[in-house]
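Trainee: this one's sequence-less:
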């Protein structure tokens, strides 16, 4: 009689914890989260919006200082652009012509009349 109760109690305690999260390769994501995008050689160069940043899939060198092997990783550095809504069209509409050209018609002498004080 003891065994079914302890098994039922263990099942009762473990099911809500497992239902609330998905475990993918050691990382825990919220329940309805989309799966993490894979960055590999076949997807090198693609971009994806991760945490509000437009991240790029790239090959990064590892090393003893970083403590990582060579491999493909998401580049979501501080210099990457955000992936918010697209900016408005930057081309402004043409301005209306407010300054009209002045057309002078030649006078009978061939030159336009000069203001007083400017003689020929």
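Mentor: In hand now; what should we look at? Just so we're clear, the structure is a prediction, and the values are computed from it rather than from any experiment. Numbers count the residues shown, from 1 in each chain.
Trainee: all strands of the chain, in order?
Mentor: Using DSSP state E, the strands of the chain run over 21-24, 27-30, 47-50, 53-60, 71-75.
Trainee: Which one of these has the poorest average confidence?
Mentor: Per-stretch mean pLDDT for these is lowest at strand 21-24 (a mean of 41).
Trainee: Could you list the low-pLDDT ranges of this protein?
Mentor: Counting by pLDDT under 70, the ranges of the chain that qualify are 1-35, 87, 97, 100-101, 104-114, 119-120.
Trainee: Can you show me the helices along it?
Mentor: 2-19 (DSSP state H).
Trainee: nearest spatial neighbour of residue 68, skipping sequence neighbours?
Mentor: residue 62 (4.2 Å; Cβ to Cβ, 6 or more residues apart in numbering). All C-beta spots, glycine's among them, are computed from the backbone N, C-alpha and C.
Trainee: Quick one: residues contacting that neighbour.
Mentor: 68, 69, 70, 71 (Cβ atoms under 8 Å, 6 or more residues apart in numbering).
Trainee: and the third one, how many neighbours?
Mentor: Residue 70 is surrounded by 10 other residues when neighbours are defined as other Cβ atoms under 10 Å.
Trainee: now do the first one
Mentor: The burial count assigned to residue 68 is 12, neighbours taken as other Cβ under 10 Å.
Trainee: ok, back up a step: for the contacts of residue 62, which two are the farthest from each other?
Mentor: The most widely separated members of the contacts of residue 62 are 68 and 70, with 8.1 Å between them, by Cβ to Cβ.
Trainee: what residues do those two have in common as contacts?
Mentor: With Cβ under 8 Å, 6+ apart as the test, residue 68 and residue 70 both reach 60, 62.
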